[in-house]
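Enquirer: Sequence and computational prediction follow.
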Amino acid sequence: MIINQILNKTKQYLDKNDQAVIEKAYHFADKVHKNEKRGTGEPYIEHPLQVASYLADNELDMPTIAAALLHDTEESDPQIVNSIKKEFGQEIYELVEGVTKLGKIKIKKNWFLPFKLLQNHQQRQNGFQRHVESLRKMLLAMSKDIRVILIKFADRLHNMQTLKGLRPDKRLRIAEETLEIYAPIAHRLGMGRLKGELENLSFPYVYPKEYKETLRLAGQSYDNKEKVAEKAKNQIIKILNVNNTKYNYIDGRKKHLYSLWRKLQRYDNNINKIYDMVALRIVVESIEDCYKVLGIIHKTWRPLIGRIKDYIAVPKPNGYQSLHTTVFGPDGVIIEIQIRTIQMHYGAEYGIAAHWHYSQNKSSQKQSVKYLSNEKLDWLNDLANWQEKQTDKNELLKGLNLDFFKDRIFVFTPQGDIHDLPAGASPIDFAFAIHTEVGNKCQGCKINGKIAKLNQSLKNGDIVDIFTDQKSRGPKRDWLRFVVTSRARSKIKNYLDKNPFR
């Protein structure tokens, strides 16, 4: 790849001054990496070019793309730091530094087993301490500037695409790290396309036997399902045209092999029970059009009971929005159909990266960034603030495990406000998610209209009404035995530290 290919992409949304900085960053990196080779034998500069190209495809801003080109220069020459700051300024320098620090983090295998299993590994205390510190650094880098992890994701993606050039033991370590750490974080940030790519690239290295078996099971089924999907697509186009219903486009998506393997484990390896191996996606202009198209689909094909999901009204915890339905399609073959707007589709594919989509309007860009930090990253900022005060390594790892790697649920206030919590959360966790004072003054609750205990585990879709008392003496110490969110634990401990006799 040559720099002109990247500049051709960025000229669609960046001005000439920004283009000039990107070109300058390329020449700087090219000079540093001169005569260096990668494990694949190709010139080293090819790697930062590929990383920058991926980010340009996502229309990331100038500092992100410039930092992507520079991200390995410090590793090649540790004395280069001051030159980067002088030549490119503080913002780009800090992005490069953040990526460099993330690159030094090594994650041990199997640290993200369920937390109760982690306790069986405590004899490896030194490794445990180093591991938690590594995760702490990763979290801090992400909370300081989310663009750091976006560059690191692109870096990891290209490394996975070129993994064959490395020793087998190194390939396995990198693939495990990708599958256990980077893919779940990408999922938590709503980056569906990247998550799928990272999982699929890791799968054959981490689980080679399972990969081959899944490939064998899926082969014929994929072909058959794709034929049905194509037939359904043609019928949908005709139906929508007859109903004068506009749409942007209709396409199919194959379920990634790793995701398919995970699902097969829940269905006794019976491929015939997997209805979403191939799904159709209908992309329309507005939310109103989404529901209109859903009605037309259901008039045409009978839906399966219990398989209609409205992620527009109730988005997934990572922000995903779409309507899902599973119907008896052409010739009675079961097929899944997803309906979403263009904005929802872009958000589902690129997640948090979509919110860094560059705008030539500078004031608009600032508003977008503000929206991102205030609305999309509250959970990350809360987690970062909590972990800075956390000295107990077991507590820290438990909090990270819950926030990144455990299933999430939606819980509602009686007014319809939605709060995203880890599975197993209690009404006390919910109260602190609403507001610190609601948690501090909590005296009781109703779940779905019935009086319930404060230590009861909440379920997805529960409506919780918290009772407060302004005369309350504050949180009780025994709440720490059952709350699970880092926010609730932090707020309770903070109150008890200030009121030790409570």
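Expert: Structure's in. What do you need?
Enquirer: Just the buried positions in stretch 487-502, please.
Expert: 487-493, 495-496 (16 or more other C-beta atoms under 10 Å). C-beta: built from backbone N, CA, C; applies to glycine.
Enquirer: got it, and stretch 225-239?
Expert: Within stretch 225-239, the residues that count as buried by 16+ other C-beta under 10 Å are 225, 228-229, 232-233, 236, 239.
Enquirer: distance of F412 from A68?
Expert: Applying C-beta to C-beta, to the nearest Å, the value for F412 to A68 is 40 Å.
Enquirer: Which of the two has more residues huddled nearby?
Expert: A68 (32 against 17; other C-beta atoms under 10 Å).
Enquirer: hmm, back to that, from the buried residues of stretch 225-239, which ones fall inside helices?
Expert: Those of those mapping onto helices are 225, 228-229, 232-233, 236, 239, per DSSP state H.
Enquirer: still on that earlier bit, widest-spaced pair of the buried residues of stretch 225-239?
Expert: K225 and I239 (20.3 Å; C-beta to C-beta).
Enquirer: N455 reaches K476, doesn't it?
Expert: No - N455 is beyond contact range of K476, at 10.8 Å (criterion: C-beta atoms under 8 Å).
Enquirer: Tell me where the protein has strands.
Expert: 249-254, 278-284, 309-310, 323-328, 334-341, 408-412, 418-422, 442-447, 450-452, 464-468 (DSSP state E).
Enquirer: Save these as a markdown table, and put in distance to V51 and mean pLDDT too.
Expert: Converted to a markdown table, those look like this (distance: least, C-beta to C-beta, whole Å; pLDDT from 0 to 100):
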| stretch | distance to V51 | mean pLDDT |
| --- | --- | --- |
| strand 249-254 | 25 | 89 |
| strand 278-284 | 28 | 93 |
| strand 309-310 | 35 | 93 |
| strand 323-328 | 33 | 96 |
| strand 334-341 | 29 | 94 |
| strand 408-412 | 30 | 81 |
| strand 418-422 | 31 | 81 |
| strand 442-447 | 47 | 95 |
| strand 450-452 | 50 | 96 |
| strand 464-468 | 44 | 95 |
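Enquirer: how about the ones you listed in TSV, adding distance to L163?
Expert: What follows is these, written out as TSV (distance: least, C-beta to C-beta, whole Å):
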stretch	distance to L163
strand 249-254	22
strand 278-284	28
strand 309-310	35
strand 323-328	33
strand 334-341	31
strand 408-412	30
strand 418-422	32
strand 442-447	48
strand 450-452	50
strand 464-468	46
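Enquirer: which one of these lies closest to A175?
Expert: Nearest to A175, of all these, is strand 249-254, at 21.3 Å by C-beta to C-beta.
Enquirer: and that closest one with strand 334-341, angle?
Expert: 130 degrees (axes from the mean of the first three to the mean of the last three C-alpha atoms, to 10 degrees).
Enquirer: What is strand 249-254 packed up against?
Expert: Secondary-structure packing of strand 249-254 (3 or more C-beta pairs under 8 Å, 6 or more residues apart in numbering; DSSP states H and E): helix 208-242, strand 278-284.
Enquirer: Below-threshold pLDDT in the stretch 101-250 of the chain: ranges please.
Expert: Per-residue confidence for the stretch 101-250 of the chain (pLDDT under 70) gives these ranges: 103-143.
Enquirer: for stretch 3-12, which positions count as buried?
Expert: 3, 6-7, 9-10.
Enquirer: what's the answer for stretch 437-454, then?
Expert: Going by neighbour count (16+ other C-beta under 10 Å), the buried part of stretch 437-454 is 438-442, 445, 447, 452, 454.
Enquirer: Tabulate these (JSON lines), appending distance to I463.
Expert: Formatted as JSON lines, those follow (distance: C-beta to C-beta, whole Å):
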{"residue": "V438", "distance to I463": "16"}
{"residue": "G439", "distance to I463": "18"}
{"residue": "N440", "distance to I463": "22"}
{"residue": "K441", "distance to I463": "20"}
{"residue": "C442", "distance to I463": "16"}
{"residue": "C445", "distance to I463": "11"}
{"residue": "I447", "distance to I463": "7"}
{"residue": "A452", "distance to I463": "11"}
{"residue": "L454", "distance to I463": "16"}
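Enquirer: Closest to I181 out of the residues you listed?
Expert: Nearest to I181 among these, with distances taken as C-beta to C-beta, is G439, at 30.7 Å.
Enquirer: thinking the closest one is in contact with P427, fair?
Expert: No - if you go by C-beta under 8 Å, G439 and P427 don't touch, sitting 9.8 Å apart.
Enquirer: Low-confidence stretches in the stretch 301-450 of the chain?
Expert: Short version for the stretch 301-450 of the chain, where the test is pLDDT under 70: 355-407.
Enquirer: Do a quick rundown of the helices in it.
Expert: Counting by DSSP state H, counting those that start in this stretch, one finds helices in the stretch 301-450 of the chain at the ranges 342-350, 362-371, 378-389, 393-400, 427-434, 436-440.
Enquirer: Remind me what the fifth one packs against, helices and strands.
Expert: By that I understand helix 427-434. Using 3+ C-beta pairs under 8 Å, 6+ apart, helix 427-434 sits against strand 418-422, helix 436-440, strand 442-447, strand 464-468, helix 486-498.
Enquirer: The last one packs against which elements?
Expert: Packed against helix 486-498, as judged by 3+ C-beta pairs under 8 Å, 6+ apart, are the following elements: helix 378-389, helix 393-400, helix 427-434, helix 436-440.
Enquirer: just how off-centre is that helix within its chain?
Expert: Taking the mean C-alpha point of helix 486-498 and that of its whole chain, the gap between them comes to 28 Å (C-alpha atoms, centre = their mean, to the nearest Å).
Enquirer: Averaged pLDDT, that helix. What do you get?
Expert: Taken as a whole, helix 486-498 has a mean pLDDT of 89.
Enquirer: export it as PDB, just CAs?
Expert: Output of helix 486-498 as PDB, limited to C-alpha atoms (Å, rounded to 0.1, in the frame of the first residue of the first chain):
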ATOM      1  CA  SER A 486     -18.300  -1.100  40.500                       C
ATOM      2  CA  ARG A 487     -20.300   2.100  40.800                       C
ATOM      3  CA  ALA A 488     -22.500   0.800  43.700                       C
ATOM      4  CA  ARG A 489     -19.500  -0.700  45.500                       C
ATOM      5  CA  SER A 490     -17.500   2.500  45.200                       C
ATOM      6  CA  LYS A 491     -20.400   4.700  46.400                       C
ATOM      7  CA  ILE A 492     -21.200   2.500  49.400                       C
ATOM      8  CA  LYS A 493     -17.500   2.200  50.400                       C
ATOM      9  CA  ASN A 494     -17.100   6.000  50.000                       C
ATOM     10  CA  TYR A 495     -20.000   6.700  52.300                       C
ATOM     11  CA  LEU A 496     -18.900   4.200  54.900                       C
ATOM     12  CA  ASP A 497     -15.400   5.600  54.900                       C
ATOM     13  CA  LYS A 498     -16.800   9.000  55.800                       C
END
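Enquirer: and the angle for it with helix 427-434?
Expert: Using the same axes, to 10 degrees: helix 486-498 against helix 427-434 is 90 degrees.
Enquirer: could you list every residue that touches V21?
Expert: For V21, the contacting residues are 62, 66, 88, 92, by C-beta atoms under 8 Å, 6 or more residues apart in numbering.
Enquirer: Quick check: the third one vs E74, distance?
Expert: Same thing as F88. 13 Å.
Enquirer: Please apply the same query to the second one.
Expert: Relative to E74, A66 is positioned 14 Å away (criterion: C-beta to C-beta).
Enquirer: These two - which one has more neighbours?
Expert: A66 (27 against 21).
Enquirer: thought the more buried one was touching I92?
Expert: Yes - with contact defined as C-beta under 8 Å, A66 counts as touching I92 (5.2 Å).
Enquirer: Need the overlap of contacts for these two.
Expert: 21, 25.
Enquirer: Show me how the record splits the protein into domains.
Expert: Listed domain ranges for the chain are 3-206, 209-351, 407-498 (source: automatic domain parsing).
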